[in-house]
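*Asks:* based on what follows, work out the 3D shape:
(2 chains)
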Amino acid sequence: MTNALAILINAAPEQLARLGVDPQRSVASIDVAKFDNRPAWDNKGKFDSRPGWDKKK
Amino acid sequence: MDRLADYLAATRAGHVDHAPYEPIPTVSWDGQVVLLSPELLGITEPRYGDFIAGNVLHQPITAMLAGAGDLDYVAEFVTALNDCADHCAFYDFCRGAQAGNRYFEHASFIARETTYCRTTRQALVRAAADHLTPQGGAP
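*Replies:* Numbers count the residues shown, from 1 in each chain, chains lettered A, B, ... in the order given. Just a heads-up that it's a prediction; the model follows:
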């Protein structure tokens, strides 16, 4: 395991919080069958490209 | 980052299961099936042929998966995955993604490292670790 990965795994909870990782984050086992391996741009909701003034309608 | 956060939370809680690799069977409009990467559907080249593992009109996907090891590209990918697991320090998080990038970047499934894994996995882990290291420069 790389040192960088080990640094993250062994980091103090308050350090992880600096990365936006909630120390109390609830997790289920990582199941490959359910693991969303799509690139980030493909696993979000449909992108709303309407300008702001059009969303208020 | 969400994916890394999930991995860290699961690992720290001892919840990471090392399950088999998802073969991602992709079915075309006429029933043809490719494995490992949807992007391989419709591609033909001399070394690997058409990447087709079978046709769902004639054979269940379970039977295709049972014989997948006979396909050169699947066999090469399995070899490469094992190579990643044996040699890559990021494998525990990365789990060997992705087959399509190996092929489209290197024209082979044997390649262990891709630009994709360097930029989406390795760089992410290093940058996050750097953020926790006072002077940065996590190895």
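
*Asks:* any idea how far B:F104 is from B:R126?
*Replies:* 24 Å (CB to CB, to the nearest Å). Yep, even glycine has a C-beta here, placed from its N, CA and C like the rest.

*Asks:* if you count what's nearby, which of those two comes out ahead?
*Replies:* Neighbour count, other CB atoms under 10 Å in any protein chain shown: between B:F104 and B:R126, B:R126 has more, with 22 against 15.

*Asks:* what helix or strand is B:C84 on?
*Replies:* When elements are assigned from DSSP states H and E, B:C84 belongs to helix B:72-87.

*Asks:* which other helices and strands does that helix contact?
*Replies:* Under the contact criterion of 3 or more CB pairs under 8 Å, 6 or more residues apart in numbering or on different chains; DSSP states H and E, helix B:72-87 touches helix B:91-94, helix B:99-106.

*Asks:* what angle do that helix and helix B:99-106 make?
*Replies:* 100 degrees (axes from the mean of the first three to the mean of the last three CA atoms, to 10 degrees).

*Asks:* would you indicate which residues of helix B:72-87 are buried?
*Replies:* Buried residues in helix B:72-87, counted by 16 or more other CB atoms under 10 Å in any protein chain shown: B:Y73, B:V74, B:E76, B:F77, B:V78, B:A80, B:L81, B:D83, B:C84.

*Asks:* not counting sequence-adjacent ones, nearest residue to the fourth one?
*Replies:* Nearest in space to B:F77, with sequence neighbours left out and distances taken as CB to CB, 6 or more residues apart in numbering or on different chains, is B:F109 at 4.2 Å.

*Asks:* picking up where we left off before, pick out the shakiest of the helices and strands packed on helix B:72-87, pLDDT-wise.
*Replies:* By mean pLDDT, the lowest-scoring of the helices and strands packed on helix B:72-87 turns out to be helix B:91-94, with a mean of 88.

*Asks:* can you confirm whether it lies near chain A?
*Replies:* Yes. Using CB under 8 Å from any CB of the partner chain, a contact is recorded between helix B:91-94 and chain A, made by B:D92, B:F93.

*Asks:* off-centre distance for that helix?
*Replies:* 11 Å (CA atoms, centre = their mean, to the nearest Å).

*Asks:* the strands in chain B, which residues?
*Replies:* B:26-27, B:32-34, B:52-55 (DSSP state E).

*Asks:* if we compare those strands, which one ends up closest to B:I61?
*Replies:* B:I61 sits nearest to strand B:32-34 of all the strands of chain B, at 6.4 Å, using CB to CB.

*Asks:* could you give me the average pLDDT of the closest one?
*Replies:* On average, strand B:32-34 scores 97.

*Asks:* residues near B:T44, how many?
*Replies:* 10.

*Asks:* A:N3 too?
*Replies:* Applying other CB under 10 Å, I find that A:N3 has 14 neighbouring residues.

*Asks:* can you check B:F90 too?
*Replies:* When neighbours are counted by other CB under 10 Å, B:F90 registers 21.

*Asks:* quick one: it and chain A, what's the gap?
*Replies:* Relative to chain A, B:F90 is positioned 6 Å away (CB to the nearest CB, to the nearest Å).
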